[in-house]
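Engineer: fold the following for me, if possible:
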Amino acid sequence: EATAARLRAQGHTVLGADLASAGVHLFDPLTVQVNHFGAVATPEGLRPLLAAGTDPRALVVSSLTAVHPHDPAIADAALAAPEQIAPLLDFLTSPENTHVTGQIVFIDGGADATLRGEGAW
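Structural biologist: Residues are numbered from 1 along each chain as shown. As a prediction, this is how the structure comes out:
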């Protein structure tokens, strides 16, 4: 809420925020507060600013470590590079995207499906 209030007070009309887990990545309540509630509260707080725009868009990006423990081997494998992810983010926030809303889109080379296994489905 504080982030949204400060950005509105400063007159921002375009927002790019990188929470990057705020350096928190343990399985504890603080991690949940930062990663989940922060990702929800920031767009909610910015709703008036977004509504005032001509093409309001919001996109929350997470990483594999939000749902799986950090594994250095997976991180070192660089499952996706920014050049592979950027086109998807560009499309999701573009005026051409008229039908993809409220979805979780995995762009991880199949890592989530592999790590969760067949039992998840």
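Engineer: any idea how far residue 43 is from residue 50?
Structural biologist: From residue 50 over to residue 43 the distance is 8 Å, taken as C-beta to C-beta, to the nearest Å. In short, each C-beta sits where N, CA and C put it, glycine included.
Engineer: joint contacts of these two?
Structural biologist: residue 58 (C-beta atoms under 8 Å, 6 or more residues apart in numbering).
Engineer: which helix or strand contains residue 61?
Structural biologist: Using DSSP states H and E, residue 61 is not contained in any helix or strand.
Engineer: nearest residue to it other than its sequence neighbours?
Structural biologist: residue 89 (7.0 Å; C-beta to C-beta, 6 or more residues apart in numbering).
Engineer: so the one you found touches residue 59, yeah?
Structural biologist: Yes: contact criterion C-beta atoms under 8 Å: residue 89 and residue 59 qualify, at 6.4 Å.
Engineer: which of those two has more neighbours?
Structural biologist: Between residue 89 and residue 59, counting by other C-beta atoms under 10 Å, residue 89 is the more crowded of the two (14 against 11).
Engineer: mind checking which helix or strand that one is in?
Structural biologist: Assigned by DSSP H and E, residue 89 falls in helix 82-92.
Engineer: buried ones in the next helix or strand along the chain from that helix, by neighbour count?
Structural biologist: Sequence-wise, the next helix or strand downstream of helix 82-92 (DSSP H and E) is helix 111-116. By neighbour count with 16 or more other C-beta atoms under 10 Å, helix 111-116 contains the buried residues 111, 112.
Engineer: I am finished for the moment; much appreciated.
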